[in-house]
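*Asks:* could you look at this predicted model? Sequence included:
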Amino acid sequence: MTSAQTALDIINNAHRRREPDALLDLMADDAEHVENRMNDISTPHVARGKYEVAGVVEDVMSREMTHDVRNVVATDERIAYTVYCEYPDWNQVMGSYVVDLDDDGRITRMTGHVSWTE
């Protein structure tokens, strides 16, 4: 069983190090990743199942940018946070996420909104 604090530590370290494996290990097999992008919130991008979610997470973590997790709120069932990212050319991305946890502390759903510098 993973506690919310342990899950939060894994999320934070995965972002800071840009290493998705521990975060993906925390995902339930039927996890969902729902992402609303700044110009198209009426049709969110949805990845269903650990395999599809892995593609999204690995893509984000592979990008040459810094990740800084901030503004965290956590309970036993849910974690909310923002992640601020910056590319070497100073372009920025900010995501706000709510992560649902099952009774074992595994991520069942990540819902987010992402905005970026244009």
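*Replies:* Ah, there it is. Nothing here was measured: the structure is a model prediction, and the numbers come from that model.

*Asks:* quick check: which element contains the residue nearest to Tyr81 when sequence neighbours are not counted?
*Replies:* For Tyr81, ignoring the flanking residues on the chain, the nearest one in space by Cβ to Cβ, 6 or more residues apart in numbering is Val72 at 4.5 Å. For glycine as for every other residue, the C-beta is placed from the backbone atoms N, C-alpha and C. Using DSSP states H and E, Val72 falls within strand 66-74.

*Asks:* got the contact list for that strand?
*Replies:* With contacts defined as Cβ atoms under 8 Å, 6 or more residues apart in numbering, strand 66-74 is touched by 4-5, 8, 11-12, 15-16, 18, 79-86.

*Asks:* output the contacting helices and strands for the next helix-or-strand element following that strand.
*Replies:* Downstream of strand 66-74, the first helix or strand assigned by DSSP H and E is strand 78-86. Judged by 3 or more Cβ pairs under 8 Å, 6 or more residues apart in numbering; DSSP states H and E, the packing partners of strand 78-86 are helix 4-17, strand 66-74, strand 92-101.

*Asks:* after the last one, which helix or strand is next?
*Replies:* Past strand 92-101, heading to the C-terminal end, the next element that is a helix or strand (DSSP H and E) is strand 107-116.

*Asks:* partners of that next one in the sheet?
*Replies:* strand 27-37 (parallel), strand 92-101 (antiparallel) (DSSP bridges).

*Asks:* from the chain's centroid, how far away is the least confident helix or strand in the chain by mean pLDDT?
*Replies:* Least confident helix or strand of the chain, by mean pLDDT, DSSP states H and E, is strand 40-48 with a mean of 86. Centroid displacement of strand 40-48 relative to its chain, using Cα atoms, centre = their mean, to the nearest Å, is 14 Å.

*Asks:* what's the answer for stretch 46-63, then?
*Replies:* 9 Å.

*Asks:* show me the shaky parts of the chain.
*Replies:* Scanning the chain for pLDDT under 70 picks out the ranges 1-2.

*Asks:* how near is the residue nearest to Tyr81 to Val46?
*Replies:* According to Cβ to Cβ, to the nearest Å, Val72 stands 24 Å off from Val46.

*Asks:* does the residue lying farthest from the centre of the chain sit in a helix, a strand or a coil?
*Replies:* Within the chain, Asp89 marks the point farthest from the mean C-alpha position, 22.7 Å out by Cα atoms, centre = their mean. Under DSSP: H, G, I helix; E, B strand; the rest coil, Asp89 falls in the coil class.
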